[in-house]
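Trainee: got a predicted structure plus its sequence, pasted below:
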Amino acid sequence: MANLTDFLGKLDRRAIYVTVLLALILPLVRHWALPPADMQSARKFYDAVEVLPTDDSGIVLIAVDWGPGTKAENEPQTEVLIEHLMRRRVHFALITTVTEAEVFLRELPDRVARRLNVENPREKWEYGKDWVNFGYRPGLTAMIQKIATAPDLRQTLGMDARGTPLTDVPCMRNIKNIRNIRMLAHFTGLTNMLDYWLQFFQTSDYRPPMVHGCTSITIPEAYIYLDSGQLMGLHEGIAGAAAHSWLLTKQYKDRAPDSAIVTNTALAVAHVVIIVLIVLGNLGMVLAMRKAASRPSGSPSEEGNA
């Protein structure tokens, strides 16, 4: 017991930092995949996507209102939705009111399409047929209202991010107005941004069902709308994306664990290691106190002997 007390008392804090660092790196490098917690909010999100019709008379609008600052949480959330829509062959469009997000509107669907094309060589996912990129649109509330009340979205928005007239984009052929938007999916790490879409993306007689992905710090705000029924589902940080992703893994047996599951696993392992270190630290303190209390009264301390 004395040896354990001495070991814990002399443990270098740099060894603790290295241990936590390894706990984060190893799962990421080795692609460990542990089942995440079954989150009811993420299951609602998944179920909302599962019931979407697959015909070409409707589209899902994905508002990617995040940038590099919240990429760690918002990117896996957006990516898992894009994959789910692609697997079900539900057409979708991407749009953003944040200039920094423009690059992700191009990269994310292309990345998912490449992965699915490798997994399913007999099928193809192509830009224009399966999705369209509206790009960055300035104006925020004015832009949201303009889209919501547009008699013809193709004329109002004009062209896609590649400069192609939306009237020439195959997946937009039957899309006229907000009633053809079967779901709005909104992802952001910015405060109040969700409020704008909830408030302005509707007409007097129609508002598309809405799902949302947020960072961990804004979960309490988002839950207000989930409980009220204004949101059909919610991704709560990286854990929500991982829960949604795990449901896809159970449905599609050949699917490899994605970044959401692997990242969530790394965080779980690191948390366990931190808890163990906290327990060891407190154990060392208790043992040191007992050792000091058991020392005979008046006896010289180890420092005095030294």
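Mentor: Sure, I can see it.

Trainee: Glu83 contacts Val112, correct?
Mentor: Yes - Glu83 is within contact range of Val112, at 4.9 Å (criterion: C-beta atoms under 8 Å). Where you see a C-beta, it was placed from the backbone N, CA and C, and this is true even at glycine.

Trainee: could you list the residues in contact with stretch 136-146?
Mentor: With contact meaning C-beta atoms under 8 Å, 6 or more residues apart in numbering, stretch 136-146 is reached by 95-99, 101-102, 105, 156-157, 161, 196-197, 200-201.

Trainee: one more time with 7 Å
Mentor: Stretch 136-146 has contacts (C-beta atoms under 7 Å, 6 or more residues apart in numbering) with 95-97, 99, 102, 156, 196-197, 200-201.

Trainee: avg pLDDT for that stretch?
Mentor: In this model, stretch 136-146 has a mean pLDDT of 95.

Trainee: and stretch 58-75, by the same measure?
Mentor: 96.

Trainee: go on, stretch 183-191?
Mentor: 95.

Trainee: give the buried residues for it.
Mentor: For stretch 183-191, burial by neighbour count (16 or more other C-beta atoms under 10 Å) applies to 183-190.

Trainee: the strands in the stretch 1-150 of the chain, which residues?
Mentor: 59-65, 92-96, 131-136 (DSSP state E, counting those that start in this stretch).

Trainee: which ones are touching the closest residue to Gly233 other than its chain neighbours?
Mentor: Setting aside the residues directly before and after it, Gly233 is nearest to Phe45 in space (C-beta to C-beta, 6 or more residues apart in numbering), at 2.8 Å. Neighbouring residues of Phe45 by C-beta under 7 Å, 6+ apart: 211, 233-235, 244.

Trainee: just give me the closest of these to Ile274.
Mentor: Comparing the contacts of Phe45 against Ile274 with C-beta to C-beta places His235 closest, at 24.4 Å.

Trainee: name the SS class of the closest one, please.
Mentor: strand (DSSP: H, G, I helix; E, B strand; the rest coil).

Trainee: hang on, the earlier thing: now distance to Ala222, neighbour count and pLDDT too, for the contacts of stretch 136-146, in CSV please.
Mentor: Output for the contacts of stretch 136-146, formatted as CSV (distance: C-beta to C-beta, whole Å; neighbours: other C-beta atoms under 10 Å; pLDDT from 0 to 100):
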residue, distance to Ala222, neighbour count, pLDDT
Ile95, 20, 23, 98
Thr96, 19, 25, 97
Thr97, 18, 21, 95
Thr99, 24, 10, 94
Glu102, 24, 17, 94
Thr156, 29, 14, 95
Tyr196, 14, 20, 95
Trp197, 12, 23, 96
Phe200, 18, 17, 96
Phe201, 16, 21, 96
